[in-house]
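[1] Sequence first, predicted model second:
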Amino acid sequence: MLDTLHTLEVVRRRGIVSRWGVGAVLVAVVGWLGCTVAVSPNLEWTVVGRYFLATPVIEGVGVTLVLTFATLGIGLVLGAALAMMMQSRNPVLSAAASGYVWFFRGVPLVVQIVFWFNLSLLFPTLGFAPTNQVVTPFLAALLGLGLHEAAYLAEIIRGGFLAVPRGQVDAALTIGMTRATATRTIVLPQSIRVILPALGNQFILILKGTSLVSVIGGGDLMTRAQQIYGQNYQVIALLLVATGWYLVLVTVASIGQRFLERWAVA
């Protein structure tokens, strides 16, 4: 018995030493990489400081935020409609919504953005105006992001609907409620608590996904960084500027997500 206890104690101590050893190695490696980058003669920190609050960069941050919130709004409205269509007993509506989700989740986001940007190659005019005047880079970015995000939010919202016991809806129908009324008054209030945590994470993904807009010069943060380093050739410095801003925005969004999660489980 004493030998067994001694063996277990030895194993426990070795485990503690191993964990601390691995942690020390990781800290040393990260510290070495950080110091190497920080003292690199090829990185001019004065350039990072000069452009971090520069007007073009701040304008790019503003466009990034507008795209993020607008994309979330479009995704929520269209995603909710798609989720209800997928829950419908009408096979045509259900199939159409499922087909939408399949297509827009399957096609890479950057492909969708580039497609909308080049829509004029397929339709030179829209009504009485040239397509390039109607579908600006910003609108092309918003269409690509919004329609793509709607497919993901549709599945998140549908998951929230499925979390509500079906018996509650059946009970509402037996007392004379329509299915739409039951969904609005019974299903939605309960499903929101399931949807919100995932919605916070999706917001962060949208925020970072807006960087893909730079492939069409959509005016976002990454686009502005590329435009600046295209002139002064300070590529790494401007990428660090963009990285810093993305980290700031994601950190703020993550704090908001934590509050949403606490409210959802309260």
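    Here it is on my side, so go on.

[2] Residue 138 versus residue 115, what's the distance?
    Separation of residue 115 from residue 138 (CB to CB, to the nearest Å): 16 Å. (C-beta placed from N, C-alpha, C; glycine too.)

[3] Where do the helices of this structure begin and end?
    2-38, 45-52, 55-87, 91-106, 109-117, 131-134, 137-162, 166-174, 179-182, 188-209, 221-232, 235-265 (DSSP state H).

[4] follow-up on the earlier one: okay, residue 115 and residue 138: which has more neighbours?
    Taking neighbours as other CB atoms under 10 Å, residue 115 and residue 138 compare with residue 138 leading, 18 against 15.

[5] OK, contacts around the more buried one?
    Contacts for residue 138 (CB atoms under 8 Å, 6 or more residues apart in numbering) come out as 63, 67, 218, 219.

[6] which among those residues gets closest to residue 57?
    Nearest to residue 57, judged by CB to CB, of the contacts of residue 138 is residue 63 at 10.8 Å.

[7] now the closest one: how far from residue 128?
    Distance, residue 63 to residue 128, by CB to CB: 28 Å.

[8] Comparing those two, which residue is more hemmed in?
    residue 63 (19 against 6).

[9] mind checking how far that one is from residue 236?
    23 Å.

[10] One more: residue 83?
    According to CB to CB, residue 83 stands 43 Å off from residue 236.

[11] So these two - more neighbours on which side?
    Applying other CB under 10 Å to residue 83 and residue 236 shows that residue 83 carries more neighbours, namely 26 against 15.

[12] show me the contacts for the more buried one.
    Counting by CB under 8 Å, 6+ apart, residue 83 has contacts 97, 154, 155, 157, 158, 161.

[13] Same question for residue 213.
    Going by CB under 8 Å, 6+ apart, the list of residues near residue 213 reads 67, 113, 137, 141, 145, 219, 220, 222, 223.
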